[in-house]
Structures are given as structure tokens and as C-alpha cells.
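Engineer: Sequence first, predicted coordinates after that:
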Amino acid sequence: MTNRDNQEIAVRLDKWLWAARFFKTRSLSSKAVSGGHVHLNGKRVKPSRIVQGGELLRIKRGTEEYTIRILALSSRRGPAKVAQTLYEETEESQTQREKAREERRLVKAPASRPEGRPDKRDRRKIIKFLRED
């Protein structure tokens with residue numbers, strides 16, 4: 001996004017992450033950057049760091065990790081389709097995320113549900129088990 005004078009606008013990292021819809025709020029994106037979950041060109045940075053086109057970002061969000069290249073700048077949060085044009089995910093990142101997603105799906109074993117609520121004896125066993133930590 002550019003202003004009327006065809007000069008690139010300066011956008012903070014936390015604001016760009018929010019505009020690109022990696023985080024729901026700016027405060028969440030700021031906490032992620034401060035917490036070391038976002039690396040810019042392989043280095044930890046502050047949320048106030050000004051980003052530029054072509055820079056490489058590594059974002060950890062929950063169990064997923066994205067490696068993206070910034071294509072465009074925007075300080076406004078718009079529709080998801082527009083937000084996806086702001087960056088390009090690397091091919092390696094996509095394959096790693098798909099592989100990790102498939103592993104999590106296979107590891108997740110179906111748990112057997114209890115038949116009902118625990119009775120008094122079962123509750124005492126549960127309490128005893130929890131206190132032995």
C-alpha cells in the first residue's frame with residue numbers, strides 16, 4: 001500500500017502481522033513478537049520494528065510455524081483475500097506444516113469416554129491420584 005506521493009508507508013511489525021491476519025488483535029501480535037514467536041530475517045525483533053517488502057518472517061502460532069516473505073505493506077486490516085496478497089509462504093513451510101498436521105492427526109488416538117459420572121469410590125481414587133503429584 002502506498003500513499004498519494006508514491007512513497008512506501010512505514011508499518012510496524014505488530015501492525016503488519018495484525019493486518020495480514022496472523023493474529024486477531026494487535027496486542028496479541030505484539031505479545032507474540034515480544035515473546036520471541038516472530039523472527040525477522042532470522043533475528044528476534046521488537047514489535048515497533050519497521051518492516052519492508054522482501055523481508056523473511058518466521059512466525060510460530062500455536063503448533064504451526066510459518067515462514068513467509070513480505071510482498072506488500074498495509075497498516076489497515078481488510079478482508080482475508082486482500083490480506084493473503086500481502087505475503088507469500090515458502091514452499092518448505094507449506095510442506096512442513098502439512099506434514100506436521102498429518103502427524104498430529106495420526107497420533108491423536110480416539111479416547112474412550114467414561115460410561116457415566118464417577119461414584120464416591122472413584123472420586124476418592126481420583127483425588128488421591130491428583131494429590132500424589
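Structural biologist: Received the coordinates, thanks.
Engineer: buried sites along stretch 106-125?
Structural biologist: By 16 or more other CB atoms under 10 Å, stretch 106-125 has no buried positions at all. Quick note: C-beta positions are derived from backbone N, CA and C, even for glycine.
Engineer: Check which helices and strands the helix or strand containing Tyr66 sits against.
Structural biologist: Here Tyr66 is covered by strand 64-70, with elements defined by DSSP states H and E. Contacting strand 64-70 under the criterion 3 or more CB pairs under 8 Å, 6 or more residues apart in numbering; DSSP states H and E are the following elements: strand 56-61, strand 87-89, helix 91-107.
Engineer: averaged over its residues, what pLDDT does that strand have?
Structural biologist: With pLDDT averaged residue by residue, strand 64-70 scores 94.
Engineer: Now do it: distance to the chain's middle.
Structural biologist: The gap between where strand 64-70 is centred and where its chain is centred comes out at 9 Å by CA atoms, centre = their mean, to the nearest Å.
Engineer: try stretch 47-59
Structural biologist: Between the centre of stretch 47-59 and the centre of its chain there are 15 Å (CA atoms, centre = their mean).
Engineer: Go through it and flag the buried ones.
Structural biologist: The neighbour-count check on stretch 47-59 (16+ other CB under 10 Å) flags 47, 49, 51, 57-59 as buried.
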